[in-house]
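Student: whatever this is, show me its structure:
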Amino acid sequence: MSQRSKVVVFGGVATIDDFRRLALGLDGAEESSHMGSPDFRVGGRIFATLAHLAQGYGNLMLTPEVQGLFVGEAPETFVPVAGGWGRMGATHIRLATADEETLAGALRTAWKLRVEKNAQAGRRRRRPGK
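Tutor: Got it, this is the predicted structure:
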């Protein structure tokens, strides 16, 4: 029987195929490439990547606040990306410790944050005189 946390089922082992299938299952999501690695976009903007596969990670574009919640709940699964990207919310998800439910929720969160950010950017562009 698995030990349960609020965020992750330990020993869950999500796969690259799971990551891709779940990311592409989100409304409007498309796969592209960024610096030679698969990425997943909505509205032309990245919300997740598979840039650190050699280390066993997928990457999520979160906010620093959401990143803090994820890392606080499951530090064995969520790790800030090193450097400036990590300080802006970019977060590794360790596939070996994430189950499908955790991965799906994390991808959905990154997707939702990107959709909201895209909508805010669109509103700013449409303002008269700006």
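
Student: buried residues in stretch 17-24?
Tutor: Asp18, Phe19, Arg20, Leu22, Ala23 (16 or more other CB atoms under 10 Å). Glycine gets a C-beta too; all of them are placed from N, C-alpha and C.

Student: in helices, which of those residues fall?
Tutor: Asp18, Phe19, Arg20, Leu22, Ala23 (DSSP state H).

Student: apart from its chain neighbours, what residue comes closest to the last one?
Tutor: Spatially, and ignoring its direct neighbours in sequence, Ala23 is nearest to Phe40 (4.0 Å; CB to CB, 6 or more residues apart in numbering).

Student: pick out whichever of the buried residues of stretch 17-24 sits closest to Val71.
Tutor: Of all the buried residues of stretch 17-24, Phe19 has the smallest distance to Val71: 18.8 Å, by CB to CB.

Student: where along the protein do the helices fall?
Tutor: With DSSP H as the criterion, the chain has helices spanning 16-24, 64-73, 83-87, 100-126.

Student: now the helix or strand of the chain with the lowest mean pLDDT, how far from the chain's geometric center?
Tutor: Using mean pLDDT, DSSP states H and E, the weakest-scoring helix or strand in the chain turns out to be helix 100-126, at a mean of 91. Centroid separation for helix 100-126 versus its chain: 10 Å, with CA atoms, centre = their mean, to the nearest Å.

Student: repeat that for stretch 72-87.
Tutor: Taking mean C-alpha positions (CA atoms, centre = their mean), stretch 72-87 and its chain are 11 Å apart.

Student: ends of it, how far apart?
Tutor: 15 Å (CA to CA, to the nearest Å).

Student: tell me which residues of it are tucked away?
Tutor: Result for stretch 72-87 [16+ other CB under 10 Å]: buried residues Ala74, Thr77, Phe78, Val79, Pro80, Val81.
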